[in-house]
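Q: here are the coordinates; sequence isn't available:
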């Protein structure tokens, strides 16, 4: 019982992951920090809903509609929604109007509600119509590529695309990766070495801020419902091996 997640990676440069979830006998969850925004669709008691979810700068708690089925699209770092400044979406979201089980409104147009298998087709249409934009420099910077841009320019474009600083994006991504490794059975000392934390207290502070769980709780599956799929593949950021304050 609780939250039953299924997550898959995407081969679209616009999309980080596509997920589905079923909520059973749970009304609240720990919401893990996220460096990206998303679209989420759900159905409860015969009524359909949709929302834009913003990046989350730290963990928190969130209500969960009980007995609901969800489909979510989590966008890649560097992808943004033209209709709303990224800074306005941080720690926030937008409930979309006039949603049915077949269609929803976004960016002034009506779109077909996606199924998990055709989420990328919807995103391709959104990109083609200019509803979403993508800054490849942001993704390249996150991966540690050599850039033909100043640090000031890179930081400004991170803010524009994500609403967050480059450091925050890296730290959030690294903490979630650490949490997934710990849920899969990795020891905290191994996670510290693998992801470049200074020591276990440094890891503990990051988990407390961004995940809301201790390493022991993650390893034991304790602490209640959490928006984290234990089966999700961890994203590989080459920049995460550099220790961060």
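A: Arrived safely, thanks for sending. Quantities reported herein were computed from a predicted structural model and do not represent experimental measurements.
Q: drop to CA atoms for contacts and neighbour counts, all remaining ones
A: OK.
Q: which SSE is residue 156 in?
A: Assessed by DSSP states H and E, residue 156 sits inside helix 151-162.
Q: so how far is that helix off the chain centroid?
A: 19 Å (CA atoms, centre = their mean, to the nearest Å).
Q: Check stretch 40-54 too.
A: So, by CA atoms, centre = their mean, the centroid of stretch 40-54 is 17 Å from its chain's centroid.
Q: what's the answer for stretch 116-127, then?
A: 17 Å.
Q: what mean pLDDT does it have?
A: Confidence for stretch 116-127, expressed as mean pLDDT, is 96.
Q: Only the buried residues of that stretch, if you could.
A: By neighbour count on 16 or more other CA atoms under 10 Å, the buried set for stretch 116-127 is 116, 119, 120, 122, 123, 126, 127.
Q: Residue 141 is in contact with residue 147, correct?
A: Yes: assessed by CA atoms under 8 Å, residue 147 is found in contact with residue 141 at 7.1 Å.
Q: Who has more neighbours out of the two?
A: residue 141 (19 against 12; other CA atoms under 10 Å).
Q: So the more buried one versus residue 210, what's the distance?
A: Going from residue 141 to residue 210 by CA to CA, to the nearest Å gives 22 Å.
Q: coming back round to it: what packs against whichever helix or strand comes after the helix holding residue 156?
A: Moving toward the C-terminus from helix 151-162, the next helix or strand (DSSP H and E) is helix 166-183. Contacts defined by 3 or more CA pairs under 8 Å, 6 or more residues apart in numbering; DSSP states H and E place helix 166-183 against helix 151-162, helix 188-195, helix 200-210, helix 215-220.
Q: Pipe those helices into a markdown table and attach distance to residue 54 per row.
A: Compiled in a markdown table, the helices and strands packed on helix 166-183 are given as follows (distance: least, CA to CA, whole Å):
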| stretch | distance to residue 54 |
| --- | --- |
| helix 151-162 | 9 |
| helix 188-195 | 25 |
| helix 200-210 | 15 |
| helix 215-220 | 24 |
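Q: I'd like the ones you listed written out as JSON lines, with mean neighbour count and distance to residue 102 added.
A: Output for those, formatted as JSON lines (neighbours: other CA atoms under 10 Å; distance: least, CA to CA, whole Å):
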{"stretch": "helix 151-162", "mean neighbour count": "18", "distance to residue 102": "29"}
{"stretch": "helix 188-195", "mean neighbour count": "17", "distance to residue 102": "42"}
{"stretch": "helix 200-210", "mean neighbour count": "19", "distance to residue 102": "35"}
{"stretch": "helix 215-220", "mean neighbour count": "18", "distance to residue 102": "37"}
